[in-house]
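Engineer: Sequence unavailable; structure follows:
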């Protein structure tokens, strides 16, 4: 089944109907890995990239001027460090940050 896009403002998020979610979803993900593509370069896109890249192969795409280059340069060789409202700290790194 193909997820359907849900428009949430400047970013497109793909949603999967709950009827397609199975209790053993992780085993399926390990057998059929996929890549998350986050489109945008603002705060929400950066948070989404940090969260998704902690678990999945993730690529961030920002088509706005030189935003991707600045973002990539600022991150350098470091990981994202995202502190959740629970106090948990997630460290992750996307596979790429690009404008194409």
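Structural biologist: Noted; the coordinates are in hand. If you're wondering where the values come from, they're calculated on a predicted model, not measured in any experiment.
Engineer: residue contacts, residue 90?
Structural biologist: By C-beta atoms under 8 Å, 6 or more residues apart in numbering, residue 90 lies in contact with 50-51, 54, 80-84. Every residue, glycine included, has its C-beta placed from N, CA and C.
Engineer: by contact count, what packs against the helix or strand hosting residue 58?
Structural biologist: Assigned by DSSP states H and E, residue 58 belongs to strand 57-61. Counting contacts by 3 or more C-beta pairs under 8 Å, 6 or more residues apart in numbering; DSSP states H and E, strand 57-61 is packed against strand 35-39, helix 43-53, helix 67-75, strand 96-98.
Engineer: Which positions in the third one come out as buried?
Structural biologist: Spelled out, that is helix 67-75. 67-68, 71-72, 75 (16 or more other C-beta atoms under 10 Å).
Engineer: okay, now residue 87: neighbour count?
Structural biologist: Taking other C-beta atoms under 10 Å as the criterion, the count of residues near residue 87 is 6.
Engineer: Can you check the pLDDT for residue 43?
Structural biologist: Confidence at residue 43, expressed as pLDDT, is 89.
Engineer: follow-up on the earlier one: TSV please, covering the helices and strands packed on strand 57-61 and showing distance to residue 90.
Structural biologist: As requested, those are arranged in TSV below (distance: least, C-beta to C-beta, whole Å):
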stretch	distance to residue 90
strand 35-39	15
helix 43-53	6
helix 67-75	15
strand 96-98	17
